[in-house]
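J.: 3D, please:
(one chain, ligands or ions: 1)
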Amino acid sequence: MFFYYTIIFVGVNTKLIFVNKELELKKLNQEIRKCRSCGLGKDRKNTVPGEGPANAKIMVIGQAPGALEDKTGRPFVGRAGRFLDELLKIAGIKREKVFITSIVKCFPPKNRKPSEEEIEKDLPYLKKQIEIINPEKFILLGELAFSVFFPGKKLKDFRGKWLKKDKKDYFISYHPAAGIRFVKFKKIIEKDFKKIGKL
Ligand code: URA
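T.: Below you'll find the predicted structure:
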């Protein structure tokens, strides 16, 4: 009997935590949608906060949305996104099970690299997403995402590896956009993602 009640209690509790996390994420998304704290807020069509389950165990972090993401408000739906889908398949990870986001939540015109100011203004949103979702593992895509978590280190020395920091695990690779531009990078990234499950 005790066992039965414990299971019900744990079940209800887990559901409550999930609903709470979903609500908190929704509130945060509304906040992001209103954000005009840097110049990117002027020309964007949509903010792209990210998507995925509020209790995801894995968070995938890219650089910034592209034109199609800007149009749809969804992360990684353009060419780089289609390559990311392939990479997740290679790693045996279901896209719908992970939370996918980027360091910067608005499209930098002409896909330019986000400025220091744009990164600084958006980082609190990412921190809040991590706080709410509390994922165990991160997949960092590209130099910008890597440098935010591991400043001063070189991505090329750590790609294809899991790193540990503050009890969280981080898998490092190049950004999928590099893979669709250069065959050499495509091969490296695919090789990296083959290792995710094995390591
Ligand atoms: N690149 C990113 O870093 N994020 C996206 O959402 C799309 C492309």
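J.: so what's the residue in the chain that the ligand sits nearest to bridging to?
T.: In the chain, the residue that lies nearest the ligand is residue 62 (2.4 Å; Cβ to the nearest ligand atom). The C-beta positions use only the backbone N, C-alpha and C, and glycine is treated the same way. For residue 62, the beta-bridge partners under DSSP bridges are residue 102.
J.: Make sure it is actually in contact with residue 175.
T.: Yes - if you go by Cβ atoms under 8 Å, residue 62 and residue 175 touch, sitting 6.3 Å apart.
J.: tell me, what's touching these two both at once?
T.: 80, 141, 142, 145 (Cβ atoms under 8 Å, 6 or more residues apart in numbering).
J.: Looking at those, which are in helices?
T.: Judged by DSSP state H, those include 80, 142, 145 as members of helices.
J.: and those residues near the ligand, which?
T.: Restricting these to those adjacent to the ligand (criterion: Cβ under 6 Å from any ligand atom) gives residue 80.
J.: More neighbours: residue 62 and residue 175, which one.
T.: residue 62 (28 against 24; other Cβ atoms under 10 Å).
J.: give the contact list for that one.
T.: By Cβ under 8 Å, 6+ apart, the neighbours of residue 62 are 75-76, 80, 84, 100-103, 141-142, 145, 175-176.
J.: Out of those residues, the closest to residue 121 would be?
T.: When the contacts of residue 62 are compared for distance to residue 121 (Cβ to Cβ), residue 103 wins out at 10.9 Å.
J.: Next up, phi/psi of residue 60, please.
T.: Dihedral angles phi and psi of residue 60 (degrees, to the nearest 10) take the values phi -100, psi 130.
J.: Quick check: it vs residue 104, distance?
T.: Distance of residue 60 to residue 104, computed by Cβ to Cβ, to the nearest Å: 15 Å.
J.: Kind regards, and thank you for your time.
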